[in-house]
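Chemist: Mind looking at a prediction? Sequence and model below.
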Amino acid sequence: MPGGRLTQQDRQQIELGLADGLAYAEIARRLDRPTSTITREVMRNGGPTAYRAGLAHHATQRRTHRRRKAVPSEAPPQAHGRDAQAVREYEEMFATVLMQSGLPKMTSRVLACLYTTDTGSLTAAELAGRLQISPASVSKAITLLESLRHVRRERDERRRERYVVDDDVWYQSMMASARTTAQVVELARQGVGILGPDTPAAARLENTARFIGVVSESIARAADQARDILHTKPETTSDSTT
């Protein structure tokens, strides 16, 4: 399997493969590369719908140039025999996917960093050091993540404030989203009365309210069910056989 970085010709083949609707695995097979290489390349350069070979190649060159000029920083120690470079690239890919979901770049980097720590929690200083960003950038990102219920704060034994992600964070985030969506439903139904029930605008709002209402209720119900499953320990019986 060939090593080295992707060439501009490789990236053109990736762009053509995406345009043809090929899966990452098929593109990787045609280029004789690992699927993970193609996935990282696409996700850090706009995603499958926005990937452009020329832009991706120039962006990679810029990143390489910045790394060469930057003062080398000590990589955080990796537990469990992990490859530090692979972890760093995975964090970048994770952050890119979060950006495509609508989060700002710095906020995405902070959340990805938290999710890839074994403790699931870091202080502001630890985040700033790992990501090489300012404390102000950390504070701004955490403020947004808190408003979305993606993180919570707690204090450790040294009274330091820590930012935490755990199994309950996504549940709280989805329930907060469901509550916000319910407000949109209520507002849309108020508009029906204001605009008149027999008007096209009112009909549009009514359909919006019905659609979003069903989706919101389904998300809340599914989140409750998933949370129950997540926190239910598998049953064991004394007379089980192997």
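Modeler: On my side now, so go ahead.
Chemist: buried residues in stretch 220-231?
Modeler: Ala220, Ala223, Arg227 (16 or more other C-beta atoms under 10 Å). Backbone N, C-alpha and C define where each C-beta goes, glycine included.
Chemist: just checking, what's the longest helix in this protein?
Modeler: helix 200-230 (DSSP state H).
Chemist: Could you dump the buried residues of stretch 220-231 into JSON lines and include distance to Leu144 and pLDDT?
Modeler: Putting the buried residues of stretch 220-231 into JSON lines (distance: C-beta to C-beta, whole Å; pLDDT from 0 to 100) gives the following:
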{"residue": "Ala220", "distance to Leu144": "23", "pLDDT": "88"}
{"residue": "Ala223", "distance to Leu144": "21", "pLDDT": "87"}
{"residue": "Arg227", "distance to Leu144": "24", "pLDDT": "86"}
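Chemist: Looking at these, which one is closest to Ala25?
Modeler: If you rank the buried residues of stretch 220-231 by distance to Ala25 using C-beta to C-beta, Ala223 comes first, at 31.3 Å.
Chemist: My guess is the closest one contacts Met174. True?
Modeler: Yes - counting by C-beta atoms under 8 Å, Ala223 touches Met174, with 4.5 Å between them.
Chemist: Which SSE is immediately downstream of the strand or helix carrying Ala136?
Modeler: If you go by DSSP states H and E, Ala136 is part of helix 135-147. For helix 135-147, the following helix or strand on the C-terminal side (DSSP H and E) is strand 152-155.
Chemist: Was I right to think Lys140 contacts Met106?
Modeler: Yes - with contact defined as C-beta under 8 Å, Lys140 reaches Met106; the gap is 7.1 Å.
Chemist: what about Ile160, neighbour count?
Modeler: One correction, residue 160 is Arg, not Ile. Other residues lying near Arg160 total 12 when counted by other C-beta atoms under 10 Å.
Chemist: in terms of contact, does it touch Thr123 like I think?
Modeler: Yes - between Arg160 and Thr123 there is a contact under C-beta under 8 Å: 5.2 Å.
Chemist: so where does the residue sitting nearest the centre point of the chain fall, helix or strand?
Modeler: The chain has Leu98 as the residue nearest its centroid, 2.9 Å off, counting by C-alpha atoms, centre = their mean. In the assignment (DSSP H and E), Leu98 maps to helix 84-100.
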